[in-house]
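**Q** Sharing a sequence plus its predicted fold:
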Protein chains: 2
Amino acid sequence: MTVSRVTNTPERVAPATRQRVEQAILELGYVPNALASGLLHGRTRTIALIVSDINNPFFTMLLRGVEDMAQRNGYTVIIGNSDESVEKERQYVQALIGKRIDGLLIAPAGSGSLETLKLLQRRNNPFVLIDREIESIQADVVMGDSVEGARVLTEHLIKLGHRRIALVNGSYDVPTARQRLAGYRRALEEYDIPFDPELAKECSYRRGPAQVGMAELLALPAERRPTAVVASNNLICIGVIEALRQAQLRIPEDMAVVCFDDIELASAIDPFLTVLAQPARRFGTIAAQFLFERIDRSAPGPARRVVLPSELLVRRSCGSSLLR
Amino acid sequence: MTVSRVTNTPERVAPATRQRVEQAILELGYVPNALASGLLHGRTRTIALIVSDINNPFFTMLLRGVEDMAQRNGYTVIIGNSDESVEKERQYVQALIGKRIDGLLIAPAGSGSLETLKLLQRRNNPFVLIDREIESIQADVVMGDSVEGARVLTEHLIKLGHRRIALVNGSYDVPTARQRLAGYRRALEEYDIPFDPELAKECSYRRGPAQVGMAELLALPAERRPTAVVASNNLICIGVIEALRQAQLRIPEDMAVVCFDDIELASAIDPFLTVLAQPARRFGTIAAQFLFERIDRSAPGPARRVVLPSELLVRRSCGSSLLR
DNA sequence: TTGAAAGCGCTAACAT
DNA sequence: ATGTTAGCGCTTTCAA
């Protein structure tokens, strides 16, 4: 009991006793058992972040933001990688509920995530959606403006004179992919360019599938082939570029390319295209802040929906060729 | 009690009772409290990974390996980012001990990590060192062969005819940096090239400082300036390249560059230099495996030391120019 | 200023 | 096949 007081309310222990206890703590390497404390208080000072792809720099930056906030608030972060799999995600959430984390930040893997999130909701476990909104669930969400972003990117290409513009996209099971498709179509409409379903490829937010998708576009007969591509995220962009290189095509002479999300490291080395950079780190800090508020007040309050603007970074607007 | 039996040893419960309990579990959304269970058993089925830079793809790949193994063994992974700060690292370890994690994987931030690790050792908490060895501590370690790697990279440049070769390195507080320096010196010796301290820059495993270090090298009078650079890791390499671009120098015409660690995304886009790729993911799986063995047997056994070979990937051996 | 009792939720060991 | 008891380590409450 006295030890507990020394660690929690040292001022309520006689200085002499305190000294002796502190001495013993050092000698024994005593560290209070947070499990016992958590069991008692129903609070673990732990939150979790589940991302859909830990290898994507976007999510790593986001994690950094989350970590900063967490550390500042005395929280620990458990990270989960769902790998875009709803099942893996469900297992994680299950385990995390077991561990009685105080709250969850999650970039849902797909529409199947709904069930998992309802589980949390029923238990009154606060959570905040990041990057991907799920309609039909009332929860805080921090995301980018995918519709506007895709519209701007597409418009950029149109203004450069392109008419046959392809979109290599993620799975339509992911909200951002649907929104980016919508933004792309909106831009086409605004400039009276007919939408050609053949040019809008549903792939997935991964390098390999995007490469395949792009190769298919390149296999089209010349008159139906696109002259420009909007890559729906950074990994897709890399797949697209790989396909182009395999086909011995240059950027932008043979094919213009723009992409959603920054490719930070890569563009530090070789700035080569126009990207729409999202403030990933801020996604993390804001979402964590929201979560902590929910945890502290354990108050419902209306669900907040923050849509952060992106920045069109003309790294070097279609101004360099890829092949040397 | 019966509920506990249903979740843990269902075969020892009458089918009828089991059914009813399972029904209730579903209805109530009951998830057993792992805190209570952990408190009882002194086991949390949680391990932690502390890396020195979560933004470095090397560590992200490593994390992936760890996660795979963890999931396969029914463990959860807590991730910590020490940001190369011994103090931040110490705070993390303290918090993790409190949470009674079963084991720790750590890429120590520096020599100051020794104290922190001793804390773990005194408490008999198993841990495995990753990527960075700490002499004077007896523990499993999984790492790459930095000495040989740096030697090979340096030799590669020597064979291309270079004699004034610079090394832009991490802080000598980090073991790998010291080892890479040693490998670099060994290669020079083998070819009877005198070691010039001016050309071996101690910076840090970060982009900014490396850029500064490279700029300093470029500021040397022409006859003392290097004609080639070994970048001691991927982030340093990027800093080096940035400095070269600022100085309007081309790779490899004006300055040859090779680097330790792969730059995966970047080189997918634009393979441009020779890199020494480490099997980061295997670092993770092997280290996790070691840790689980320690946890399960809770047996001491001799400390294992695994040194994984790297692969010299001639992405495009100094064969493309950077500036267009 | 310090100590004793009780209980957080679970399960090993021992009844029934 | 099911129930009871006890205790993991902590802290809230009440007592000394």
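**A** Right, received. Where do you want to start?
**Q** Test my guess that residue A:125 contacts residue A:103.
**A** Yes - assessed by CB atoms under 8 Å, residue A:125 is found in contact with residue A:103 at 6.8 Å. For every residue, glycine as well, the C-beta is placed using N, CA and C.
**Q** the more surrounded of those two?
**A** residue A:103 (23 against 19; other CB atoms under 10 Å in any protein chain shown).
**Q** Can you tell me which residues in the stretch 51-200 of chain A are near chain B?
**A** Listed as neighbours of chain B in the stretch 51-200 of chain A under the rule CB under 8 Å from any CB of the partner chain: A:54-55, A:57, A:60-61, A:63-64, A:67, A:71, A:76-81, A:88, A:91-92, A:94-100, A:119, A:122-123.
**Q** The same query, at a cut-off of 10 Å, please.
**A** A:53-57, A:59-61, A:63-64, A:67-68, A:71, A:74-81, A:83, A:88, A:91-101, A:118-123 (CB under 10 Å from any CB of the partner chain).
**Q** ok, of those residues, which come out buried?
**A** Neighbour counting by 16 or more other CB atoms under 10 Å in any protein chain shown classes A:53-57, A:59-61, A:63-64, A:67-68, A:71, A:75-81, A:83, A:88, A:91-93, A:95-101, A:119-120 among these as buried.
**Q** can you tell me which of these are in strands?
**A** A:76, A:77, A:78, A:79, A:80, A:81 (DSSP state E).
**Q** hey, what's in contact with both of residue A:125 and residue A:103?
**A** A:96, A:294, A:295 (CB atoms under 10 Å, 6 or more residues apart in numbering or on different chains).
**Q** just to revisit the earlier point, looking at the residues of the stretch 51-200 of chain A next to chain B, which are in helices?
**A** A:57, A:59-61, A:63-64, A:67-68, A:71, A:88, A:91-98, A:118-122 (DSSP state H).
**Q** what about residue A:147, neighbour count?
**A** Per other CB under 10 Å, the neighbour tally for residue A:147 reads 19.
**Q** typo on my end, residue A:178
**A** Using other CB under 10 Å, residue A:178 has 17 neighbouring residues.
**Q** Was I right to think it contacts residue A:169?
**A** Yes - counting by CB atoms under 10 Å, residue A:178 touches residue A:169, with 8.8 Å between them.
**Q** Okay, helices next: where are they in chain A?
**A** Under DSSP H, chain A gives helices at A:2-8, A:15-28, A:34-41, A:57-72, A:86-98, A:113-122, A:146-159, A:175-190, A:207-218, A:234-246, A:264-269, A:280-297.
**Q** So which bits of stretch A:174-190 are buried?
**A** For stretch A:174-190, by 16+ other CB under 10 Å, it's A:174-181, A:183-185, A:187-188.
**Q** could the residues you listed go into JSON lines alongside distance to DNA strand C and pLDDT?
**A** Converted to JSON lines, the buried residues of stretch A:174-190 look like this (distance: CB to the nearest atom of the strand, whole Å; pLDDT from 0 to 100):
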{"residue": "A:174", "distance to DNA strand C": "34", "pLDDT": "94"}
{"residue": "A:175", "distance to DNA strand C": "34", "pLDDT": "94"}
{"residue": "A:176", "distance to DNA strand C": "37", "pLDDT": "96"}
{"residue": "A:177", "distance to DNA strand C": "39", "pLDDT": "97"}
{"residue": "A:178", "distance to DNA strand C": "39", "pLDDT": "97"}
{"residue": "A:179", "distance to DNA strand C": "40", "pLDDT": "97"}
{"residue": "A:180", "distance to DNA strand C": "43", "pLDDT": "98"}
{"residue": "A:181", "distance to DNA strand C": "44", "pLDDT": "98"}
{"residue": "A:183", "distance to DNA strand C": "46", "pLDDT": "98"}
{"residue": "A:184", "distance to DNA strand C": "49", "pLDDT": "98"}
{"residue": "A:185", "distance to DNA strand C": "50", "pLDDT": "98"}
{"residue": "A:187", "distance to DNA strand C": "53", "pLDDT": "98"}
{"residue": "A:188", "distance to DNA strand C": "55", "pLDDT": "98"}
